[in-house]
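Trainee: 3D, please:
(2 chains)
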2 protein chains.
Amino acid sequence: MAGDSPLQLRIFDLNCWAIRYLSKRRQERVQLIGDKLRWEGFDLALLQEVWSEQDYSDLKVKLAGCYPFSHYFRSGVIGSGLCIFSRFPILDTLLYQYSLNGYPYMLQHGDWFCGKSVGLVPAWGSWLLCPPCLQLHAEYCREKDAYLPHRLVQAWELAQFIRHTSKAADVVLLGGDLNMHPEDVGIRLLRGWTGLQDAFAEATRFEGCEDGCTLVPNNCFTVKAELLPFPLGIRIDYILYKAISSFTVKCEELKTTKGTAPGLDIPLSDHEAVMATLHIQRQRQAVGASLSTTEPRLVDVVTEARTEVEVGLQAARRQRYSTGRMAVLALLLLLLQAAAALGTLVGLGAGQPFPKLSFSLLAFLAIGILLLATGLHIFHTMEVKMLQGTEEQMRMVLRVLQERP
Amino acid sequence: MAGDSPLQLRIFDLNCWAIRYLSKRRQERVQLIGDKLRWEGFDLALLQEVWSEQDYSDLKVKLAGCYPFSHYFRSGVIGSGLCIFSRFPILDTLLYQYSLNGYPYMLQHGDWFCGKSVGLVPAWGSWLLCPPCLQLHAEYCREKDAYLPHRLVQAWELAQFIRHTSKAADVVLLGGDLNMHPEDVGIRLLRGWTGLQDAFAEATRFEGCEDGCTLVPNNCFTVKAELLPFPLGIRIDYILYKAISSFTVKCEELKTTKGTAPGLDIPLSDHEAVMATLHIQRQRQAVGASLSTTEPRLVDVVTEARTEVEVGLQAARRQRYSTGRMAVLALLLLLLQAAAALGTLVGLGAGQPFPKLSFSLLAFLAIGILLLATGLHIFHTMEVKMLQGTEEQMRMVLRVLQERP
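Mentor: Next up, the predicted model:
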């Protein structure tokens, strides 16, 4: 940081829900988002789910005057959907793709194809800020959440990524759709292990949806059925921050949009935008690490997360086993058919015992199952490896935490 | 670092070539590697291609006395093959998987299945050392190297990973099989962009194979045909290092094994081991970043790498296009067949124009091609995205480098 004068930093975060052909009134909304960003003149805008590069390019052209610097993070099949617009120069970027991100065969959920990742923009402006924007795996069913272990692996990898890349940073900023409720184990793990603070909880002034919710029933694009158990809505979009060295960060104000703004006929997105005003000031004395005071609680959180990862590991092992067994069965069937066909060819059998058509249909079916089951087996083997790796890292961290005086 | 007393650090690095069922005399060699590590008592051993977890566990048991701390990095289908044995505590680890790593359908090369990655072990012992061990994509044909863009993306991601994770480190150590010759653009890019120094080039004393080669013709396990253009062998295994803050690192001695050791009847691996003795000392004054002096050359290297990545991008785009076209053609054929079958069913056609067997065989063939081409199309789309992303990052870095006074 150049001098001792404090800095006010205004941050905008929004899951834009801009999926080509699928999101309702996408182009109109992207226009509105661009207008809002231009009018309000934030310092930094972190956008998620901008899945069309054309939309990004349109925004870039529109915002060139007030946000001269921007970056679009590319990954996966469709893209990461992450982009960042900034008033200060972006000098470098780094993309970290999570090792687990759902299943390629769950086409209706689509997370696998997006290559969900965290984008890091270090050395933003003349200071060392790390504003990564990100999105974690979506939750499709809260009661029976098959993706919980994947989301926990992502939360863990995100926390590790932040810890290891922010060591020389003055301030760490994180904004994005974490797809987790504030009390969920993943959020507690992320916050506990990085020391990040929740702008909503720390804000001096708040203005917006009740409880800071970002997915609310009175937004015309949200799926009402999903929000039935939560009459006020849910809070899954966050701005988190942390001062690392001799700085303090305070959240002066936090705002959210509240569905459709006056004068407009649609909201910006199915999510509400989160807007924070942060006050950053250099301190005379270096601030000590805040991890130690919360360590006993951190041990509990890591233990809880580890248990969930172990549950996921067992499920992945079962799936690896059953897909492997299916592949072996299909292979056996094929071998049996090959033997029968050979037998007929060399004249061992009494003529042609099976009708040709059903025989070849069965063979094709067996080949299809063999290929599919082998592919799935490979996929679940990778899943097992990654879950094992995370579980082991968590165990190592627990040991270190518990051994500390 | 605790005090001002200098530290001597002895590092061992070896690509162990321990692939179950494929590597010759694997178990015997793993025993030998364990014996060597136990006799010589290094401070740190970085091993690659330990692809069987059983081998790792055996080594762990054997080395428990002299290397009480160890870690095995899990990733991909088979694993990363990376493990580390250390005399000092390992407090935390981080694994970064490269976004590109060959093609899943090149079964004979197998890189895709390994999930090649870099393992980071920060805060090793009571200091902040970052000894990642790693392996990059193999080179299968030097004249027509189809994997060069992938290896360059990996070298770039590795350099970025090191830069961003080592900002608060005192010393950075890197050991591994980089699968690149010392003058290759990938090595120049990695060294130029991180400021890492090559232990072989800097060593005060050297003892080992001529030119520090680590893949030599007189090792009985190397493929002689591949080394025909290089009578002395090639150097692709490295120990690189860098002092970041107020430290200096000097390489006092570098050694390599020379094929079969006296008294033994086989070498440790098809690669030679690299052993470095580093001298680390705290300086009174902080050492300035060494990047600035080499910047003009760095611009050339990044430009060269960017050109290669662009060539790869064009190839990936062509493959994406041709697999997409094949998928569309297969879909058209299927639709045509469906129309013909429907026509026959509703009695439009004059009887059954095709024999049933060939008709269904053709349909299955079309389905097979459709699935395969779609899978490949998705894969090449991801490849295009990642190459584009890297190309863009390189462009950003070039702009920053050129704009600097």
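Trainee: Skip the chain neighbours and tell me the closest residue to A:D58.
Mentor: Spatial nearest neighbour of A:D58, excluding adjacent residues (Cβ to Cβ, 6 or more residues apart in numbering or on different chains): A:V30 at 6.6 Å. Where you see a C-beta, it was placed from the backbone N, CA and C, and this is true even at glycine.
Trainee: my guess is the one you found contacts A:C16, does it?
Mentor: Yes - assessed by Cβ atoms under 8 Å, A:V30 is found in contact with A:C16 at 7.0 Å.
Trainee: what do these two both touch?
Mentor: A:V50, A:D55 (Cβ atoms under 8 Å, 6 or more residues apart in numbering or on different chains).
Trainee: Within range of chain B, give me the residues from the stretch 301-405 of chain A.
Mentor: By the rule Cβ under 8 Å from any Cβ of the partner chain, the part of the stretch 301-405 of chain A lying against chain B is A:356-357, A:360-361, A:364, A:367-368, A:378, A:381-382, A:385-386, A:388-389, A:392-393, A:396-397, A:400.
Trainee: Would you mind checking those for buried ones?
Mentor: A:360-361, A:364, A:367, A:378, A:381-382, A:385-386, A:388-389, A:392-393, A:396-397 (16 or more other Cβ atoms under 10 Å in any protein chain shown).
Trainee: Sort out for me which of these are in helices.
Mentor: A:360-361, A:364, A:367, A:378, A:381-382, A:385-386, A:388-389, A:392-393, A:396-397 (DSSP state H).
Trainee: and the least confident of those?
Mentor: Looking at these by pLDDT, the weakest one is A:S360, with 80.
Trainee: Please identify the helix or strand for the residue in the stretch 1-150 of chain A that chain B sits nearest to.
Mentor: Closest residue of the stretch 1-150 of chain A to chain B, Cβ to the nearest Cβ: A:R74 (3.7 Å). For A:R74, there is no helix or strand it lies in under DSSP states H and E.
Trainee: For burial, what's the neighbour tally of it?
Mentor: Residues near A:R74, counting by other Cβ atoms under 10 Å in any protein chain shown, number 25.
Trainee: Isn't it up against B:K385?
Mentor: Yes - using Cβ under 8 Å, A:R74 makes contact with B:K385 at a distance of 4.5 Å.
Trainee: what's the closest residue to A:L59 other than its chain neighbours in contact with, if anything?
Mentor: Using Cβ to Cβ, 6+ apart and skipping the chain neighbours, the partner closest in space to A:L59 is A:G34 (5.2 Å). For A:G34, the contacting residues are A:D58, A:L59, A:K62, A:L63, by Cβ under 8 Å, 6+ apart.
Trainee: What residues sit buried inside the helix or strand where A:G34 lies?
Mentor: Using DSSP H and E, A:G34 maps to helix A:26-40. If you call a residue buried by 16+ other Cβ under 10 Å, then helix A:26-40 has these buried ones: A:R26, A:R29, A:V30, A:L32, A:I33, A:G34, A:K36, A:L37.
Trainee: quick one, phi psi at the residue of the stretch 201-350 of chain A found nearest chain B?
Mentor: In the stretch 201-350 of chain A, the residue that lies nearest chain B is A:I244 (9.4 Å; Cβ to the nearest Cβ). For A:I244, the backbone dihedrals (degrees, to the nearest 10) come out as phi -100, psi -60.
Trainee: What count of nearby residues applies to it?
Mentor: 20.
Trainee: what's the nearest residue to it if we skip its chain neighbours?
Mentor: Closest to A:I244 by Cβ to Cβ, 6+ apart is A:A169, at 5.2 Å.
Trainee: now that neighbour, what's its secondary structure?
Mentor: coil (DSSP: H, G, I helix; E, B strand; the rest coil).
Trainee: Does it touch A:Y241 like I think?
Mentor: No - counting by Cβ under 8 Å, A:A169 does not reach A:Y241; the two are 11.1 Å apart.
Trainee: Quick check: neighbours shared by these two?
Mentor: Common neighbours of A:A169 and A:Y241, using Cβ under 8 Å, 6+ apart, do not exist here.
Trainee: May I have the residues that are in contact with the residue of the stretch 251-400 of chain A found nearest chain B?
Mentor: Going by Cβ to the nearest Cβ, chain B is nearest to A:G389 of the stretch 251-400 of chain A, at 3.7 Å. For A:G389, the contact set (Cβ under 8 Å, 6+ apart) comprises A:S99, B:F73, B:R74, B:S75, B:L95.
Trainee: Closest to B:L173 out of these?
Mentor: Nearest to B:L173 among those: B:F73, at 15.9 Å, using Cβ to Cβ.
Trainee: Okay, the closest one and chain A: tell me how far apart.
Mentor: 7 Å (Cβ to the nearest Cβ, to the nearest Å).
Trainee: Go ahead and confirm that residue touches B:Q97.
Mentor: No - B:F73 is beyond contact range of B:Q97, at 9.8 Å (criterion: Cβ under 8 Å).
Trainee: thinking again about what came up before, out of the contacts of A:G34, which is most surrounded?
Mentor: Going by other Cβ under 10 Å, A:L59 tops the contacts of A:G34 with 26 neighbours.
Trainee: pretty sure that residue belongs to a helix, no?
Mentor: Yes - A:L59: assigned to a helix according to three-state DSSP.
Trainee: Contact partners for it?
Mentor: So A:L59 contacts A:V30, A:I33, A:G34, A:L37, A:L47, A:V50, A:S70, A:C83, A:F85 (Cβ under 8 Å, 6+ apart).
Trainee: same question, A:T277
Mentor: A:Q8, A:L9, A:R10, A:I11, A:C251, A:E252, A:E253, A:L254.
Trainee: need the contact list for A:L196.
Mentor: A:I162, A:V172, A:L174, A:L190, A:L240, A:Y241, A:K242.
Trainee: helix/strand/coil for the third one?
Mentor: A:L174 carries the three-state label strand when classified by three-state DSSP.
Trainee: Which pLDDT does the model give A:Q337?
Mentor: 88.
Trainee: which residues does it contact?
Mentor: A:F359, A:L362, A:A363, A:A366 are the contacts of A:Q337 under Cβ under 8 Å, 6+ apart.
Trainee: so where is the stretch 1-150 of chain A shaky, pLDDT-wise?
Mentor: Across the stretch 1-150 of chain A, the ranges flagged by pLDDT under 70 are A:1-4, A:76-77, A:98-146.
Trainee: helix or strand for A:A305, which one?
Mentor: Going by DSSP H and E, A:A305 is part of helix A:295-345.
Trainee: could you pull out the helices for chain A?
Mentor: A:26-40, A:53-63, A:111-114, A:148-165, A:185-194, A:199-202, A:295-345, A:356-403.
Trainee: just those: most buried one?
Mentor: Among these, ranked by average contacts under mean count of other Cβ atoms under 10 Å in any protein chain shown, first place goes to helix A:148-165 (a mean of 25).
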